[in-house]
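>>> here's my sequence, what's the structure:
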Amino acid sequence: MDYRNKNILAPMVRCSTLAFRLMALEYGADLVYSEEIIDYKMINAKREYNELFKTIDYTVDGTEKPIFQTCDKEKDKVIFQVGTNNAERALKACKLVETDVAGFDVNMGCPKEFSVQGGMGAALLKKPDEVKNILTTLVDGLSKPVTCKIRCLHSLDETISLCKLIESCGVKALAIHGFILI
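Got it, this is the predicted structure:
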């Protein structure tokens, strides 16, 4: 997959639902990202085909709303964004949806309290060994491209150093959120 010169819909919490992603594709997006799905929630999901809506729903017993929902219209254009702090668990979660998506993205930029306290998102920016482990495990273990989203670090040198580490893992693209994590 080539990420160059594409109109890409970034992942947005509580917004990047299937309906919104399909609308974005209709209005010219080339690739669309799911909202962040936490790996430990996803590994308990069951894949079900929803005949009424013609969707593929990943659900967990006891919940009405799918954790992740997709359909054939976006299959080659949707990037599954995973929140994780564990390489093996991330791989297990991504393997569940591998046949239904175009690629994967690891969220290493989310500053939200639940994410950072869980060692995910922006908390990973301070753990380069774990960044390398997660990304290398996914790149080696998946048949689809892997990308990563980070935030700027406190200095340009730190940010460039992290970007080089991420590049060395074999990711296909890197998105950098321009805000510095406080």
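>>> ok, the residue at minimal distance from the centre of the chain - contacts?
Central residue of the chain (Cα atoms, centre = their mean): Q81, 1.4 Å from the mean position. By Cβ atoms under 8 Å, 6 or more residues apart in numbering, the residues touching Q81 are 11, 33-37, 104-107, 149. For every residue, glycine as well, the C-beta is placed using N, CA and C.
>>> where does this structure have low pLDDT?
For the chain, the stretches flagged by pLDDT under 70 are 179-182.
>>> can you show me the strands along it?
8-9, 31-33, 37-38, 46-50, 55-59, 68-70, 78-83, 103-108, 146-152, 173-180 (DSSP state E).
>>> strand partners (parallel or antiparallel) of the longest one?
Each strand pairing with strand 173-180, determined using DSSP bridges, is listed with its direction: strand 146-152 (parallel).
>>> and the partner strand with strand 78-83, angle?
50 degrees (axes from the mean of the first three to the mean of the last three Cα atoms, to 10 degrees).
>>> chain center to strand 146-152, what's the gap?
Relative to the centre of its chain, strand 146-152 is centred 9 Å away, using Cα atoms, centre = their mean, to the nearest Å.
>>> for stretch 132-147, same thing?
Distance, centroid of stretch 132-147 to centroid of chain: 12 Å (Cα atoms, centre = their mean).
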